[in-house]
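**Student:** okay, here's the prediction I keep looking at, along with the sequence it came from:
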Amino acid sequence: MTSVMSGVAGDFAAALRDPLVTPPAMLSAHAAPAASTRFCVYRNNVAVSLIGALEARFPATRRLVGDEFFRAMARLYIKAQPPRSPLMMRYGDELPGFIARFEPAAEIVYLADIARLEAARTRAYHAADAEPLELSSLAALDPENFARLRLAPHPSLEIVESAFPIVTIWASCTGEAPLTAVEDWRCETALVARPRLEVEVRRAPPGAAAFLEALARGMSFGEAADSAAARAKDFDLALIIASLIGGGLLVPADGVKQMETIHGYLA
Amino acid sequence: MNYISASPALLPARAGVGFKPEHFGAIAADQQPLGFFEVHAENYMGAGGVPHAQLRFLRERYALSLHGVGLSIGSPEPLDRDHLARLRRLCALYQPESFSEHLAWSSHGGVYFNDLLPLPYTEETLAVVAAHVDETQTALGRRILIENPATYVRFSQSDIPETEFLTELTQRTGCGLLLDLNNVFVSARNHGESALGYLASFPLIAVGEIHLAGFFDASEAGAPLLIDSHGAQVADEVISLFEWTIEQAGPLPTLIEWDNDVPDWPLLLAEAMKAQDRLRHAERGYARRLDRRAL
Ligand SMILES: [Fe+2]
């Protein structure tokens, strides 16, 4: 609609997004402070709320670079990629990609991966509920039926692969583990999930990513194990079962929440 | 078109509190002496997890007010249909006693600003806002409340006073109003006007809920400027406006909004109980006046 109203909102929005754009001319103030000073309240509110949302979502990233650096980086990110929806829980999904291309942060080589891990944690926090498969409920299965199980990753599960020890670094940044020098400097893959109400971050056993990918493509447990074993040389099925099923990271593939009979999950 | 829904139930005319997840443990430990809880709708638009588990818990035990902050009803652009659908799903799922939104805009040109931004008050904007309220009420299948904003600037184009704008909005759409008394005080001070004067011309008959909150004083010498911070106790001046309002209108559902620098639960509950005492007092006075009128 072409109107006074769209002109007002357009000019107002443009000046909110860019501090170099002068506040809209049609603002009025009956007395001091001047309209331009008053307009800054809105500009400040917007900046504070968006920076605050990123600070809340990326505490470890912030800790690694320090408050001042994080705020400066957040301002640039907000300008480049402002929120596109009122769902603030999703804001910052693209921050890891931004960090990966952000020259001043290049020195901290693992920073973008830590941000990816943190972004995944928020998604897991809000992901759909699903009752995890209990290891004890499978105890009666013979190996043949076990191999025929059709399972799927828990809806909250995300795999964050990295060339750095991101789980160790993340845990030491959040106080979940003591802050010490990382002695064993090797790549780690993070499994981020929320099997029940708590978001959990754990190190993936070798081949977990390949195994989960195979399950997600619809393979049975046995087929996925074979496929992952062929791709990851130190693949260990016992570790996979302990970590993925023991950790509550798998659900029945048909999406049934409650396990009625074990046969319901057989191919 | 007037949308008069068969309202299932309304919020009780008691004190309520804006729910903060950090208080959940304290709230769940006991039945709280509160009439209702209010939540921001947008925080419950994920698929599952803790937010929904907590909201289910509150829903089962208390009256519920769903307060939207992202619909951008005051925007010249069309309403976001996806967002409207999300609100419809939330309302269907939780059946809140009240749904409210703001006389403000927050999105433009595909960008969401996460703040409640002001609009000029003219015949043209009134028609647009009324159409948006109408569309929202139709989509949600219920009457909604619209909240008066805290503002820092005005527009030279505005030629309708805010109270007249809101009155006209209720008449065109059948919507109710959420009267935020902190916003009334903040705006009045910022624009050099009388808060009581504003209230005297506010259509109290349409008010379905009151908000009380704290402000931040950013005034400098000769330049008064209050900011609606939701980060402090309710100011004495705002309490006075509250007493005046419920004396006129009788007790109304009254929310303590405290979103920043959130205090521990006992302090927040104590704020709500102060409001509760005043509501009880107003109820007695109101009943006495009604009795006299009956004679
Ligand atoms: Fe409010």
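**Tutor:** Nice, thanks for sending it over.
**Student:** buried stuff in the longest helix seen in chain A?
**Tutor:** Criterion DSSP state H: the longest helix present in chain A is helix A:35-57. In terms of neighbour count (16 or more other C-beta atoms under 10 Å in any protein chain shown), helix A:35-57 has its buried residues at A:35, A:37-43, A:45-47, A:50-51, A:53-55, A:57. Quick note: C-beta positions are derived from backbone N, CA and C, even for glycine.
**Student:** now it: average pLDDT?
**Tutor:** For helix A:35-57, mean pLDDT rounds to 96.
**Student:** can you check stretch B:214-226 too?
**Tutor:** On average, stretch B:214-226 scores 93.
**Student:** then stretch B:84-98?
**Tutor:** Throughout stretch B:84-98, pLDDT has a mean value of 97.
**Student:** can you tell me if stretch B:17-28 touches the ion.
**Tutor:** No - if you take C-beta under 5 Å from the ion as the test, stretch B:17-28 misses the ion, and the best it gets is 8.8 Å.
**Student:** run through who's touching that stretch.
**Tutor:** B:34, B:37-39, B:50-51, B:54, B:57-58, B:67, B:255-259, B:262, B:264-266, B:268-269, B:272 (C-beta atoms under 8 Å, 6 or more residues apart in numbering or on different chains).
**Student:** switch the cut-off to 6 Å
**Tutor:** Applying C-beta atoms under 6 Å, 6 or more residues apart in numbering or on different chains, the contact partners of stretch B:17-28 are B:34, B:37-39, B:54, B:256-257, B:262, B:265, B:272.
**Student:** residue B:277 in helix, strand or coil?
**Tutor:** Secondary structure state of residue B:277, per DSSP: H, G, I helix; E, B strand; the rest coil, is helix.
**Student:** what's the distance between it and residue B:239?
**Tutor:** 11 Å (C-beta to C-beta, to the nearest Å).
**Student:** okay, those two: which has more neighbours?
**Tutor:** Counted by other C-beta atoms under 10 Å in any protein chain shown, residue B:277 and residue B:239 do not tie: residue B:239 has more neighbours, with 16 against 11.
**Student:** and that one, backbone torsions?
**Tutor:** The phi and psi torsions at residue B:239 (degrees, to the nearest 10) take the values phi -60, psi -40.
**Student:** and it, what's its pLDDT?
**Tutor:** Reading off the model, residue B:239 has pLDDT 98.
**Student:** ok, the one 5 residues further on next?
**Tutor:** Here, the pLDDT recorded for residue B:244 equals 97.
**Student:** okay, now residue A:21: neighbour count?
**Tutor:** A count of nearby residues for residue A:21, using other C-beta under 10 Å, gives 12.
**Student:** for the closest residue to it other than its chain neighbours, give its distance to residue A:6.
**Tutor:** Leaving aside its sequence neighbours, residue A:21 sits nearest to residue A:15 (C-beta to C-beta, 6 or more residues apart in numbering or on different chains; 4.5 Å). As judged by C-beta to C-beta, residue A:15 and residue A:6 stand 15 Å apart.
**Student:** SS state for residue A:184?
**Tutor:** coil.
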